Structures are given as structure tokens and as C-alpha cells.
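Peer 1: Turn this into a model:
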Amino acid sequence: MNIIQVVGYKNSGKTTLVEKIIRYFTKNGLQIGSIKHHGHGGKLESVEGTDSVRHQKAGALLSTVQGDGEVQLFAHGEEWSLAKIVQLYEFLNVRKVIIEGYKKEGYPKIVLIKNDNDLNMLDELSNIIAVICWDNVVFKNNNGIPTFYLEEDERFIHWLWEEVSKENE
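Peer 2: Residues are numbered from 1 along each chain as shown. Next up, the predicted model:
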């Protein structure tokens with residue numbers, strides 16, 4: 001399984017970038033799984049009154065809803081590590097995964113820099129494969145990491161596609 005992380009602080013553009021990557025890769029025939037870290041804390045939203053929520057409230061550790069070619073899975077009762085979620089994706093035979101968030105994990109990362117205060121992430125994070133800066137950021141790249149500006153998203157995604165294609169050869 002090939003995994004890429006997109007990380008950055010809140011409102012740095014992670015979700016928009018992940019959407020664009022998924023859309024481009026899917027359009028070009030690559031099946032993508034995605035994992036989003038709910039980093040703001042609190043319970044995930046679910047629709048009150050549905051049968052699956054009733055099953056959860058009754059104490060089900062795992063509940064699944066299936067219909068019209070889709071499956072929703074709800075797991076409760078323990079802390080889900082990223083490694084466990086990745087194992088689940090492996091079991092489901094997902095070959096390419098884009099992870100939004102989980103800065104401290106060690107997978108190859110694309111780092112979004114919204115302002116100069118965010119530049120500290122480049123010293124703190126590991127396995128950075130690309131940096132994407134907002135246009136107001138002055139970033140002196142001295143370490144050879146491919147760097148793009150936010151408005152260069154098409155150029156970045158093409159670069160990423162080429163990198164992913166090399167891995168699949």
C-alpha cells in the first residue's frame with residue numbers, strides 16, 4: 001500500500017488539496033482511499049434516530065450500514081490508531097491512501113505553509129516530500145524539497161502523479 005499524508009495547520013487548505021488529488025487520481029484510473037484525522041476532538045457526528053445509531057447506543061462495538069453499493073462502518077469502544085485504520089484499508093485491498101492530518105506519523109508528507117509562523121513545521125516533521133506555500137510566505141528552500149505555491153495546484157498534482165507513477169512501475 002502506498003500512503004501520502006497532507007498536513008498543515010487549521011484552514012491551511014488541506015481538505016481542498018486532498019479533494020483535488022483524489023479527483024485527479026481517480027479521473028486517471030487510480031483508486032484512492034482517504035483517511036481524515038478528526039483533530040478537533042469530540043465525538044463524530046452521526047444521524048440520531050437511525051437504526052445504526054440505535055445499534056451503537058445499545059452497545060455494539062462495530063456497526064455497519066450497507067446499501068446501494070456503499071458501506072458505512074462505525075467502530076466504538078477503543079482508541080483507533082492510524083496503524084489500525086491502515087490495516088483495515090489493507091484488508092480491503094486499497095492500494096493508495098491519502099491521509100489528511102496526523103502530523104506526527106512517519107508517512108511521506110506534503111506540508112502546507114499558510115504563513116511564516118507555519119515554517120516551524122518543516123523542522124519538526126519527518127519524511128517531507130513536498131512543500132506548498134501560500135503566496136504570502138517567503139520560503140528559502142535550501143534542502144531540495146520540491147516546493148510549490150498554492151495557486152500552482154495543477155503543476156503540483158501533475159508532479160505528484162509522476163512521483164506516484166514511478167512507484168507503480
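Peer 1: for the nearest residue to residue 105 once chain neighbours are set aside, what are its contacts?
Peer 2: Excluding its sequence neighbours, the residue lying closest to residue 105 (Cβ to Cβ, 6 or more residues apart in numbering) is residue 82, at 5.6 Å. Yep, even glycine has a C-beta here, placed from its N, CA and C like the rest. Neighbour list for residue 82: 35, 37, 99, 102, 105 [criterion: Cβ atoms under 8 Å, 6 or more residues apart in numbering].
Peer 1: Scan those and report the most crowded one.
Peer 2: Neighbour counts for these, by other Cβ atoms under 10 Å, peak at residue 99, which reaches 24 neighbours.
Peer 1: follow-up on the earlier one: let me see the confidence value for the residue nearest to residue 105.
Peer 2: Predicted confidence (pLDDT) for residue 82: 93.
Peer 1: picking that back up, from the contacts of residue 82, which ones fall inside strands?
Peer 2: 35, 99 (DSSP state E).
Peer 1: Pick out the lowest-pLDDT one from the contacts of residue 82.
Peer 2: Per-residue pLDDT puts residue 37 lowest of the contacts of residue 82, at 89.
Peer 1: Would you agree that residue is in contact with residue 104?
Peer 2: No: using Cβ atoms under 8 Å, residue 37 is not in contact with residue 104; the gap is 10.3 Å.
Peer 1: Have a look at this protein and report its longest helix.
Peer 2: Taking DSSP state H as the assignment, the helix of the chain that covers the most residues is helix 153-168.
Peer 1: Adding distance to residue 64, write the contacts of residue 82 out as JSON lines.
Peer 2: As requested, these are exported to JSON lines (distance: Cβ to Cβ, whole Å):
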{"residue": "35", "distance to residue 64": "18"}
{"residue": "37", "distance to residue 64": "22"}
{"residue": "99", "distance to residue 64": "22"}
{"residue": "102", "distance to residue 64": "24"}
{"residue": "105", "distance to residue 64": "26"}
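Peer 1: right, and out of the contacts of residue 82, which lies closest to residue 132?
Peer 2: residue 99 (15.7 Å; Cβ to Cβ).
Peer 1: Contact partners for that closest one?
Peer 2: 3-6, 34-37, 82, 105, 107.
Peer 1: rerun at 6 Å
Peer 2: With contact set as Cβ atoms under 6 Å, 6 or more residues apart in numbering, residue 99 has these partners: 5, 35.
Peer 1: and the gap between it and residue 136?
Peer 2: 26 Å (Cβ to Cβ, to the nearest Å).
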